[in-house]
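**Q** Predicted coordinates and the sequence they were generated for:
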Amino acid sequence: MSDVSLLCRQPVYLRPDPARVIVRPFRPATEPRDFTPIDKARANHIVDRVLTLDAETAASQLADVMDNFKQRHRNLPAVIEARAEEMEDAFAAHAVFSPMQRLLVGAYFLNEYSFEASALFNPSIVLDPDQSGAPEGGSSFILSLRAVGEGHISSLTFRQGSIAADGCVTVEPAARLASLPKVQDRIATPHGDQVEVSFEADCVISERVIFPVTASQSNGIEDARFVAFEEDGETIFYATYTAYDGRAIRSELIRTTDFISFGMVPLTGAAARNKGMALFPRKIGGKYAMIGRQDNENLYLIYSDDLYAWDDGKAILKPEFPWEFVQIGNCGSPIELDEGWLLLTHGVGPIRKYSIGAVLLDKHDPSRILARLREPLIRPDPLRSEGYVPNVVYTCGGMRHGDQIILPYAVSDTFCHIATIDIAALVQSMQSEEAPFRISEPAL
């Protein structure tokens, strides 16, 4: 079977842009990091120095801040004021500030962060809940992407795009500004904080960045696998992701209906101690279902009555072919086809080379394997394998559109590409006992 009949690479490349920045709290401490307790003595030393400035000098300093940064951030004065409000406890030793002093002090406890300076990768894709701008005969979609900046801190960002009736895929340019959501609610639980965040309604999708907001996420929100989940006639977008605090990982779940407001909840149970969980897009046999990796080698099918609690599952898929001998994992939520559940997988082979494969699961009993690619669907090209993490192609989820799969995927954990796959050709290739096809990511 020819490559052309199976997979069509789109002329779409999403690359990291170090010019895109957010403004986040600066925490003066011996080793300042998010969620590090503020060194109140040092913070007050900074405030003391600011308060020694006469009114004219303070006004000049604040004007300089605004001139330099107000065009780089949405409503910067409000951001600075909010930071000053967060610092109230640290400033308790001081008298009342003037409005100008308050803003200037707040500015000293903020810093810019280039959230995608290093990489923009591991995408997933879902239909946009608002299809009003979709092309005729086509659909609008939302991409989620993992962005990595200084210190290998991962955040979640988005892009909007469309697929035309003829299968042509386009992705809109990223907004010039980038914005963080406001934390609306935070509930402490024995399993970690549950958090509700929301963006301003006029903040376009590509402007929205979800940066770590809990201690468990302090080093990253990694590899979100979004899926449109259907239940009782309602569509809810869920994404499992890996929360990383610099030492330990765990799986958490994000929920949204509009990509403006998001709820973030830790998952519990034995299965949630691992990464790479992916939710089926509907219940199976009255239960929620996940695909996950519990032993760092095999893929498991896990059922639960509780969306937020996941215990041990059943191993259904193990490394079988040389390109996946080290381990296998899922590449996003299963996609429902007429023939069964299409599960995209990743396999790790020699020199830790990551390739993308595919498996067909029974629609009524997903523990039953119907067909499987013997060779990768996409593998790294040896002529173009360098990047933030060499020798990797990876995705966090594709989407069905008519008789095609739209597959965004990352190359060398650095940038993203998009391909469309003919479903009939893919299913036929999985079922074939003949020599498998080979498709490599081309040199760019």
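**A** Great, that's in hand. Numbering: from 1, shown residues only.
**Q** Next SSE downstream of the longest helix along the chain?
**A** Of all the segments assigned as helix in the chain under DSSP state H, the longest by residue count is helix 55-69. Read in the C-terminal direction, the helix or strand following helix 55-69 is helix 76-86, with elements assigned using DSSP states H and E.
**Q** Hmm, residue 83 and residue 25 touching each other?
**A** Yes. With the criterion set as C-beta atoms under 8 Å, residue 25 and residue 83 qualify as a contacting pair; they are 6.2 Å apart. For every residue, glycine as well, the C-beta is placed using N, CA and C.
**Q** Give me the more crowded residue out of those two.
**A** residue 83 (20 against 15; other C-beta atoms under 10 Å).
**Q** Surely that one touches residue 111?
**A** No. When contacts are counted by C-beta under 8 Å, residue 83 is not listed as touching residue 111 (10.4 Å).
**Q** Now list whatever residues contact both of the two.
**A** Taking C-beta atoms under 8 Å, 6 or more residues apart in numbering as the criterion, residue 83 and residue 111 both touch residue 25.
**Q** Just want the angle from the longest helix of the chain to helix 76-86.
**A** Note on geometry: by axes from the mean of the first three to the mean of the last three C-alpha atoms, to 10 degrees, helix 55-69 and helix 76-86 are set 120 degrees apart in direction.
**Q** now helix 55-69, how far from the chain's geometric center?
**A** Centroid displacement of helix 55-69 relative to its chain, using C-alpha atoms, centre = their mean, to the nearest Å, is 37 Å.
**Q** All further residue positions should be reported with the first residue as 43.
**A** Will do, 43 is the new start, and the previous item becomes helix 97-111.
**Q** buried stuff in it?
**A** Judged by neighbour count using 16 or more other C-beta atoms under 10 Å, the buried positions of helix 97-111 are 100, 104, 107, 111.
**Q** tally of neighbours for the residue nearest to the last one when sequence neighbours are not counted?
**A** Read it as residue 111. Leaving out its chain neighbours, the residue that sits closest to residue 111 by C-beta to C-beta, 6 or more residues apart in numbering is residue 118, at 5.9 Å. Neighbourhood size, residue 118 [other C-beta under 10 Å]: 19.
**Q** surely residue 298 meets residue 277?
**A** No. Assessed by C-beta under 8 Å, residue 298 is found out of contact with residue 277, at 10.6 Å.
**Q** quick one: which of these two has more around it?
**A** Neighbours per residue, other C-beta under 10 Å: of residue 298 and residue 277, the larger number sits with residue 298, 18 against 13.
**Q** roughly how far is the helix or strand hosting residue 470 from the heart of the chain?
**A** Here residue 470 is covered by helix 465-473, with elements defined by DSSP H and E. Distance of helix 465-473 from its chain centroid, counting by C-alpha atoms, centre = their mean, is 29 Å.
**Q** which helices and strands sit right next to that helix?
**A** Here helix 465-473 is seen to pack against helix 45-48, strand 396-403, strand 411-414, strand 446-453 when contacts are counted using 3 or more C-beta pairs under 8 Å, 6 or more residues apart in numbering; DSSP states H and E.
**Q** Tell me the confidence at the closest residue in space to residue 400 that isn't next to it in sequence?
**A** Leaving out its chain neighbours, the residue that sits closest to residue 400 by C-beta to C-beta, 6+ apart is residue 415, at 4.9 Å. With respect to pLDDT, residue 415 has a value of 94.
**Q** Now for residue 415: which residues touch it?
**A** Listed by C-beta under 8 Å, 6+ apart, the contact set of residue 415 reads 399, 400, 401, 471, 472, 478.
**Q** which one of these is nearest residue 241?
**A** Comparing those against residue 241 with C-beta to C-beta picks out residue 400 as the nearest, at 34.8 Å.
**Q** follow-up on the earlier one: same list, the contacts of residue 415, but as CSV with pLDDT and neighbour count please.
**A** Putting the contacts of residue 415 into CSV (pLDDT from 0 to 100; neighbours: other C-beta atoms under 10 Å) gives the following:
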residue, pLDDT, neighbour count
399, 96, 23
400, 96, 24
401, 97, 24
471, 91, 21
472, 90, 21
478, 42, 15
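**Q** Any stretches of the stretch 343-486 of the chain with poor pLDDT?
**A** 474-486 (pLDDT under 70).
**Q** can you map out the strands along it?
**A** 356-359, 369-372, 377-378, 383-390, 396-403, 411-414, 435-436, 441-443, 446-453, 457-464 (DSSP state E, counting those that start in this stretch).
**Q** looking at those strands, which is closest to residue 421?
**A** Relative to residue 421, the nearest member of those by C-beta to C-beta is strand 396-403, separated by 4.0 Å.
**Q** next one: the closest one to chain centre, how far?
**A** Distance, centroid of strand 396-403 to centroid of chain: 20 Å (C-alpha atoms, centre = their mean).
**Q** go on, stretch 141-154?
**A** 31 Å.
**Q** before we move on, the earlier item: Throw the helices and strands packed on helix 465-473 into a markdown table and include distance to residue 82, thanks.
**A** A markdown table is the format used below for these (distance: least, C-beta to C-beta, whole Å):
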| stretch | distance to residue 82 |
| --- | --- |
| helix 45-48 | 61 |
| strand 396-403 | 45 |
| strand 411-414 | 58 |
| strand 446-453 | 42 |
